[in-house]
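>>> When you get a sec, could you give me coordinates for this:
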Amino acid sequence: MAIRPEDLPTDAAALTEMVLALDAENEKLRAMVATFKDMAFGKRSERLAVIVSEQFPLELGDLATDVTASVPANDDAPAVKPAGKPRKKARRNIGALPKHLPRCEQVLEPDTTACPCCQGRLHKIGEDVSEVLDFIPAILRVLRTILPKYACRGCTDGVVQAKVLPRLIESGMASTALVSHVVVSKFAWYLPLYRQVQILAGQGVRLDRATLAGWVKRAAWWLKGLYELQLRTIQAAPRLFCDETPMPVLDPGRRRTRTCQFWAHAMDDRPWGGPSPPAVAYVFADGRGTDKIAGQLPGFSGILQVDGYAAYKALARGRGDTIRLAFCLAHARRKFVEVYKSTQSPFAREVIERLQAVYAIEAEIRGTSAEQRLAVRRTRTAPLMEALKARLTAMVGQLFSQSKLTEAINYALNHWNGLTLFLGDGRVEVDTNTVERSMRPIAMGRRNSLFSGSEGGAESWAILASIVNTAKLHELDPQAYLADVLERIVSGQTKSHQLHELLAWNWKAARDRNARAAA
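Numbering: from 1, shown residues only. Prediction:
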């Protein structure tokens with residue numbers, strides 16, 4: 001609403017206060033407009049990056065990631081390499097071909113082996129060998145299962161025949177390998193079912209998308225027990241990462257989608273050599289309230305590494321001292337980056353640089369034991385964080401209460417205990433990168449598929465994405481892993497009380513043991 005002249009105060013102090021308030025509001029609106037312009041019109045690689053050359057040396061990996069804005073990750077590299085520490089070589093493949101791949105040789109003989117001078121026979125004196133990586137497109141075939149019948153000529157009965165093998169889809173037309181391929185293509189490589197139908201049609205096999213959806217649903221039904229075991233294993237860890245992201249679900253009655261949620265529970269002790277292997281399990285829910293996360297973690301006690309969402313705080317308050325919240329330092333830093341992008345605030349840049357020094361120390365101690373990490377953090381990182389808190393406290397009183405910079409400072413100060421929990425426990429990470437990286441597959445799948453067709457489809461999505469993406473965390477071929485797991489479960493080779501053998505990390509260990517024994 002426009003301000004009329006008669007509404008203006010006559011008192012100079014009141015008028016000054018009004019001008020300052022309007023100026024602060026304008027600054028906030030200008031920052032919002034700059035952010036929206038950057039997201040809408042900026043180059044794709046710069047949407048989450050600080051668009052100034054001075055910021056590039058800070059190497060804010062989370063802001064340069066080419067993913068959707070809802071699930072950013074914040075991997076950081078040190079701004080300055082530690083003195084005396086050799087620089088690691090870049091992980092590039094410039095022509096080294098894996099030795100385990102089969103070699104198919106083709107020999108190219110010259111047109112003639114007769115000497116051009118005397119016409120005598122030429123003798124082989126050597127050879128030149130070169131290798132290139134070749135590709136054979138996927139081959140569709142029909143797998144025929146024949147069950148011969150045997151009977152005795154001297155008897156009237158007693159026909160002998162092998163038992164029919166259990167099948168993933170009884171009376172269906174798809175083998176376990178084909179169903180696994182469909183599942184992995186969708187949940188590991190983000191290829192929607194309608195595109196897979198088109199690919200199959202190009203190979204002369206015409207199927208309906210609903211048929212593939214039925215295969216996916218059946219695979220999820222067989223894997224539900226393994227998924228629940230994986231989820232319980234993750235939630236039994238003393239330190240748990242948790243995050244949530246929207247999942248649109250089709251609502252046929254209203255002819256639109258309604259927003260539900262995927263919650264991700266993750267564990268990973270690799271940064272300090274702990275016992276918990278990398279794993280993630282997604283849980284579908286129709287909301288993101290405190291009751292949803294409380295229902296998912298009924299008996300959890302330990303450290304919960306999360307962002308500043310209020311549901312986690314309410315959960316911790318309701319559980320007393322059984323849950324400690326470790327907040328994400330990258331989320332706090334991101335707020336100052338947003339301020340710097342829109343206002344070029346020198347103080348915001350100062351905070352970013354101070355936090356980058358903390359990340360540089362974390363890069364140095366990554367991979368060491370929890371005790372070593374704790375010792376370094378107490379001697380080197382704690383003074384940096386104390387100095388940062390003093391600067392934030394001193395600055396917040398000098399700023400207008402509604403400015404974006406004040407909001408960023410207040411967020412950091414209000415979450416300070418959780419942001420600095422890593423200073424007292426070497427197992428705790430400084431941010432929630434572990435779970436945010438695991439949210440990327442959900443975001444990519446959502447981007448390509450747009451929505452889930454039903455709540456049942458969303459639950460199947462959660463089950464299969466958990467199994468497949470945990471296999472990827474262990475650098476397994478998800479196709480080979482999923483096909484073998486399904487074959488073992490369907491055939492009854494692995495009983496329900498033996499499902500722990502099929503968890504990705506146990507399956508990989510058993511495979512490696514068998515490979516060493518065979519060698």
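
>>> quick one: F400 is in a strand?
No. F400 sits outside any strand when classified using DSSP: H, G, I helix; E, B strand; the rest coil, being coil.

>>> Now do T379 against M32, distance only.
To M32, T379 is 41 Å away according to Cβ to Cβ, to the nearest Å. The way it works is simple: take the backbone N, C-alpha and C, and place the C-beta from them, glycine included.

>>> For the two, indicate the residue with more neighbours.
Ranked by neighbour count (other Cβ atoms under 10 Å), T379 and M32 place M32 first, with 13 against 10.

>>> Tell me which helix or strand the more buried one sits in.
Using DSSP states H and E, the secondary-structure element containing M32 is helix 12-41.

>>> So what touches the following helix or strand past that helix?
Heading C-terminal from helix 12-41, the first helix or strand you meet, by DSSP H and E, is strand 149-150. Judged by Cβ atoms under 8 Å, 6 or more residues apart in numbering, the contacts made with strand 149-150 from elsewhere in the structure are 159-161.

>>> The closest residue to F241 other than its chain neighbours - how many residues pack around it?
Using Cβ to Cβ, 6 or more residues apart in numbering and skipping the chain neighbours, the partner closest in space to F241 is V435 (3.8 Å). V435: 27 surrounding residues under other Cβ under 10 Å.

>>> Return the residues in contact with V435.
When contacts are counted by Cβ under 8 Å, 6+ apart, V435 touches 241-243, 264-266, 280, 305.

>>> quick check, nearest of those residues to R92?
Closest approach to R92 among those (Cβ to Cβ): V280, at 27.8 Å.

>>> ok so that closest one is a strand residue?
Yes. Using three-state DSSP, the secondary structure at V280 is a strand.

>>> what about the residue nearest to F241, which SS state?
For V435, the secondary-structure state derived from three-state DSSP is helix.

>>> Show me where the stretch 151-300 of the chain has its strands.
Along the stretch 151-300 of the chain, the segments classed as strands by DSSP state E, counting those that start in this stretch run 160-161, 239-251, 256-267, 279-285.

>>> Please apply the same query to the stretch 301-450 of the chain.
302-306, 323-327.

>>> which one is D269 nearest to, not counting chain neighbours?
Closest residue in space to D269, ignoring its immediate chain neighbours: S276 at 4.1 Å, by Cβ to Cβ, 6+ apart.

>>> How much space separates the one you found from L325?
Relative to L325, S276 is positioned 19 Å away (criterion: Cβ to Cβ).

>>> Tell me which residue is most central in this structure.
S438 (1.8 Å; Cα atoms, centre = their mean).

>>> Pull the most distant pair out of the contacts of V435.
V280 and Q305 (13.2 Å).

>>> circling back: tell me which of the contacts of strand 149-150 is nearest to L20?
When those are compared for distance to L20, the smallest value, 90.8 Å, is given by Q161; criterion: Cβ to Cβ.

>>> quick one: that closest one and L147 touch, right?
Yes. Under the criterion of Cβ atoms under 8 Å, Q161 lies in contact with L147, with a separation of 5.5 Å.
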